[in-house]
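*Asks:* Kindly return the folded structure for what I paste below:
(2 chains)
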Amino acid sequence: QSALTQPASVSGSPGQSITVSCTGTSADVGYFNYVSWYQQHPGKTPKLIIYDVRYRPSGVSNRFSGSKSGNTASLTISGLQAEDEADYYCSSYTISGTLVFGGGTKLTVL
Amino acid sequence: QVQLQESGPGLVMPSQTLSLTCTVSGGSFSGDNDYWSWIRQPAGKGLEWIGHIYRGGSTAYNPSLKSRITMSIDPSKKQFSLRLNSVTAADTAVYYCARMPNSRYFDFWGQGTLVTVSS
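*Replies:* Here you go, the predicted structure:
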């Protein structure tokens, strides 16, 4: 299985909105609504911020939102804050019953 | 609150077998929707799903690692384990265990354990 495709980096200024894309295939992202997103600060454990394309776990800021169109899922962060600077990973369930991650996107808050 | 803790050797010799155990506390271990997974992350690189196991022992493995992986589970001890054989330097990484509701995403993670493959 091939890794999902994410941009290597994105950036934005405080208060702005940014979107991270995650492109897969009709065998994973496009087939199920089972895309999840994780935030990882340097040296820390990944944290679930979006599951099943658009749902936020309890305690996750509503500044984080998820969506999907065809084979591409997206994570949008609104009202950027310095603390949002981190690596972001998408993941999808596949028709083979496996999981696949994206390569990760480094978010820089300018 | 579910907590997970990885344990195992931090150094493994090339061609040998990497063995890790994850101990779960603070929550259900044998829930109908609970799957248990291993994920790894080489230094400076992205996450890689290794595989997962269900309470009854059914498994799913990353196709790229499938020939070298064995996972097992012991509900009585609230533990699950990973064995990765014939390791090389490319298997050096931080290994995480995590819970997977309905095998779709990872909601609770262990702190991770660094395993180095070196002679």
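*Asks:* Not counting sequence-adjacent ones, nearest residue to residue 26?
*Replies:* Just going to use chain A. A:Asn71 (6.1 Å; CB to CB, 6 or more residues apart in numbering or on different chains). C-beta: built from backbone N, CA, C; applies to glycine.
*Asks:* sorry, should have said chain B
*Replies:* B:Gln3 (4.7 Å).
*Asks:* hang on, the one you found packs against B:Trp109?
*Replies:* No. Judged on CB atoms under 8 Å, B:Gln3 makes no contact with B:Trp109 at a distance of 9.8 Å.
*Asks:* which one of these two has more residues nearby?
*Replies:* Neighbours were counted for B:Gln3 and for B:Trp109 using other CB atoms under 10 Å in any protein chain shown; B:Trp109 has more, 23 against 14.
*Asks:* Show the contacting residues for the more buried one.
*Replies:* Neighbour list for B:Trp109: A:45-47, B:4, B:39, B:96-98 [criterion: CB atoms under 8 Å, 6 or more residues apart in numbering or on different chains].
*Asks:* out of these, who's nearest A:Gln39?
*Replies:* A:Lys47 (4.9 Å; CB to CB).
*Asks:* and that closest one, how many neighbours?
*Replies:* A:Lys47: 17 neighbours (other CB under 10 Å).
*Asks:* Beta-bridge partners for the closest residue in space to A:Gly97 that isn't next to it in sequence, please?
*Replies:* Spatial nearest neighbour of A:Gly97, chain neighbours left out: B:Ala60 (5.0 Å); criterion: CB to CB, 6+ apart. For B:Ala60, the beta-bridge partners under DSSP bridges are B:His52.
*Asks:* Surely B:Ala60 touches B:Trp38?
*Replies:* No. Contact criterion CB under 8 Å: B:Ala60 and B:Trp38 do not qualify, at 11.2 Å.
*Asks:* Now for these two: what residues contact both?
*Replies:* Contacts common to B:Ala60 and B:Trp38, judged by CB under 8 Å, 6+ apart, are B:51-52.
*Asks:* So for those two, which sits in the more crowded spot?
*Replies:* Each of B:Ala60 and B:Trp38 has its neighbours counted (other CB under 10 Å); B:Trp38 has more, 27 against 21.
*Asks:* so the closest residue to that one other than its chain neighbours, which of the three states?
*Replies:* Nearest residue to B:Trp38, sequence neighbours excluded (CB to CB, 6+ apart): B:Ile50, at 4.1 Å. Per DSSP: H, G, I helix; E, B strand; the rest coil, the local secondary structure of B:Ile50 is strand.
*Asks:* what residues does chain A put near chain B?
*Replies:* A:1, A:3, A:34, A:36, A:38, A:45-48, A:51-52, A:57, A:89, A:91, A:93, A:96-104 (CB under 8 Å from any CB of the partner chain).
*Asks:* Buried ones among those residues?
*Replies:* A:1, A:34, A:36, A:38, A:45-48, A:51-52, A:89, A:91, A:93, A:98-104 (16 or more other CB atoms under 10 Å in any protein chain shown).
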